[in-house]
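K.L.:
Sequence plus predicted model, see below.
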Amino acid sequence: MLTTLKNAFKIEEVRKRILFTLAMLVVIRFGCQLPVPGVNREYFAQFFASQTGDAFNFFDAFTGGSFLQMSVFALNITPYITSSIIMQLLTIAIPKLEEMQRDGEDGRKKIGAITRYVTVGLALVESTAMAIGFGNSGLLQADAIVLDYIMVIVALTAGSAFLMWVGERITELGVGNGISVVLVINIISRIPQDLTSLYEQFIKNAPKIANGVIAAVVIVAIIILMIMLVIVLNGGVRKIPVQYAKKMQGRKMVGGQSSAIPLRVNTSGVIPIIFASSMLQFPSAIFSMMNYKGTGFGAHVIKALNSNNWCRPKMPWYSLGLVVYVLLVIFFAYFYTSITFNPLEVSNNIKKQGGFIPGIRPGKPTTEYLTNILKYIIFVGAMGLVLIAIVPFLTNGVFGANVSFGGTSLIIIVSVILETIKQIESLMLVRNYKGFLNA
């Protein structure tokens, strides 16, 4: 990785792209510290600290602390992520959008434009809900007027739209994967704070030096093992061999080539974890904004949905929420893969191109074969996601080590870093080809 970056800085075009990306990241972190005009930030910090649940922790981790500080980037790019997921689902459900997606570059541009409009709409709805919901409780001054509410709504919506624009500029003029890079820099910005918390909790305050050393070794080992697991999970691919029959074109015999269909073990990426976490945290977020305390069975249900109560030896019954979480991750892994990879369509494309899987007849047998392989791969990938996601809950429940860079965040960080390195290598390769052709 370091060798790739070193060689990249030797090429002027690639160096400019990297420096542009770094400059945009500085702008993002500056905006995360810029407060929304007219907002009482002390109230929001106190409100956030008073919450016993984790309804907003997941959201705050994705915004790099902007949500807690109530900056102009408080919504960050979460509306864009939600909009992209919605558009992916609608592309399967609406034939017109599916037709756009098949139209090549022009169709993707149209879908991208619609995604931007949906992003702004979602940001407007979310900022309005935050301004009204929190504003009436003390986020705004007691004598706030309608214009104060409008100012907050406009600032939050504009901040989210600006970050979407920055992400697209990084994709176009930077190293690529702009939206993902913006998300990763937000998550990484929280890591120093989490490491400091772990140091003070387990190392600095250890009763003996030996205990502190052991704690440090265990923490480092867990982090390294999780990173290695994420790398293996993202890099795991099952290649399905495909053989193309020879055929005559004019006077020449063409075809007879061998290829492969790469099926990623983690086909759905981090989407199942995000969906599962959002579904469990949505009720808690609503109850928190309503200041609902709850009594009896309802209170126990709310606590079971709170990941801070999972894996605690003194409260084992609350870990039923973890069981629900695991089942949701597995369900969404199958669901999301089913709408992004169609075995029937792949089988038909192979048949049209005169190809076949060795030992499998074209048509329905090929579709059934791909479906069975896909079910097995999805299950393995879902179990990998569950294992990565459970480790932070286990360490938090047993040892009280509550950090934001575990599970979902770690998958996103490692995946985006690996993908960005590939993008840089691709830019270097294209530049070398250009040099060769010009010579």
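P.N.:
Yes, it's here.

K.L.:
residue ranges with poor pLDDT in the stretch 151-300 of the chain?
P.N.:
For the stretch 151-300 of the chain, the stretches with pLDDT under 70 are 246-256, 284-298.

K.L.:
cool, and the stretch 301-439 of the chain?
P.N.:
Across the stretch 301-439 of the chain, the ranges flagged by pLDDT under 70 are 402-407, 430-439.

K.L.:
could you pull out the helices for it?
P.N.:
For the stretch 301-439 of the chain, the helices defined by DSSP state H, counting those that start in this stretch cover 320-340, 343-352, 364-399, 408-438.

K.L.:
Tell me the helices and strands packed up against the third one.
P.N.:
Just to be clear, that refers to helix 364-399. Helix 364-399 sits against helix 209-235, strand 237-244, strand 258-264, helix 271-289, helix 320-340, helix 343-352, helix 408-438, with contacts defined as 3 or more C-beta pairs under 8 Å, 6 or more residues apart in numbering; DSSP states H and E. In short, each C-beta sits where N, CA and C put it, glycine included.

K.L.:
what do you get for the first one?
P.N.:
Under the contact criterion of 3+ C-beta pairs under 8 Å, 6+ apart, helix 320-340 touches helix 78-93, helix 271-289, helix 297-305, helix 364-399.

K.L.:
Return the list of helices and strands in contact with the shortest one.
P.N.:
Meaning helix 297-305. Partner elements for helix 297-305 (3+ C-beta pairs under 8 Å, 6+ apart): helix 271-289, helix 320-340.

K.L.:
Turn those helices into TSV, including distance to residue 374 and mean neighbour count.
P.N.:
Below are the helices and strands packed on helix 297-305 laid out as TSV (distance: least, C-beta to C-beta, whole Å; neighbours: other C-beta atoms under 10 Å):
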stretch	distance to residue 374	mean neighbour count
helix 271-289	15	19
helix 320-340	7	18
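
K.L.:
just so I know, which of those lies nearest residue 59?
P.N.:
helix 271-289 (8.1 Å; C-beta to C-beta).

K.L.:
Identify the residues contacting residue 428.
P.N.:
By C-beta atoms under 8 Å, 6 or more residues apart in numbering, the residues touching residue 428 are 4, 7-8, 11, 14.

K.L.:
that older thread, and of the helices of the stretch 301-439 of the chain, who's closest to residue 264?
P.N.:
Set against residue 264 and scored by C-beta to C-beta, these come closest in helix 364-399, at 7.5 Å.

K.L.:
and the helices and strands packed on helix 320-340 as a markdown table, adding distance to residue 419?
P.N.:
Shown next, in a markdown table, are these (distance: least, C-beta to C-beta, whole Å):
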| stretch | distance to residue 419 |
| --- | --- |
| helix 78-93 | 16 |
| helix 271-289 | 15 |
| helix 297-305 | 33 |
| helix 364-399 | 17 |
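
K.L.:
in terms of contact, does residue 259 touch residue 244 like I think?
P.N.:
Yes. Between residue 259 and residue 244 there is a contact under C-beta atoms under 8 Å: 6.9 Å.

K.L.:
Settle it for me: which of these two has more neighbours?
P.N.:
Legend: neighbour count by other C-beta atoms under 10 Å for residue 259 and residue 244, higher for residue 244 (16 against 13).

K.L.:
picking that back up, need the residues touching each of residue 259 and residue 244.
P.N.:
With C-beta under 8 Å, 6+ apart as the test, residue 259 and residue 244 both reach residue 355.

K.L.:
Going along the chain, name the strands of the stretch 101-250 of the chain.
P.N.:
Ranges of strands in the stretch 101-250 of the chain, per DSSP state E, counting those that start in this stretch, are 237-244, 247-249.

K.L.:
Turn those strands into TSV, including distance to residue 84.
P.N.:
Below are the strands of the stretch 101-250 of the chain laid out as TSV (distance: least, C-beta to C-beta, whole Å):
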stretch	distance to residue 84
strand 237-244	24
strand 247-249	40
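
K.L.:
Of the ones you listed, which stretch is the most buried?
P.N.:
Sort the strands of the stretch 101-250 of the chain by mean neighbour count, taking mean count of other C-beta atoms under 10 Å, and strand 237-244 sits at the top with a mean of 15.

K.L.:
Pull stretch 216-224 out as CSV, backbone CA atoms only.
P.N.:
The C-alpha trace of stretch 216-224 is given here as CSV (Å, rounded to 0.1, in the frame of the first residue of the first chain):
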residue,chain,number,x,y,z
ALA,A,216,-3.2,-3.5,25.5
VAL,A,217,-2.2,-6.8,23.8
VAL,A,218,-5.7,-8.1,23.8
ILE,A,219,-7.2,-4.9,22.4
VAL,A,220,-4.6,-4.8,19.6
ALA,A,221,-5.1,-8.5,18.8
ILE,A,222,-8.9,-8.1,18.6
ILE,A,223,-8.6,-5.2,16.2
ILE,A,224,-6.0,-6.9,14.0
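
K.L.:
Surely residue 131 is in contact with residue 155?
P.N.:
No. Applying C-beta under 8 Å, one finds residue 131 not in contact with residue 155, separated by 9.4 Å.

K.L.:
Among the helices and strands packed on helix 364-399, which comes closest to residue 201?
P.N.:
It's helix 209-235; of these, that one is closest to residue 201 (C-beta to C-beta) at 8.8 Å.
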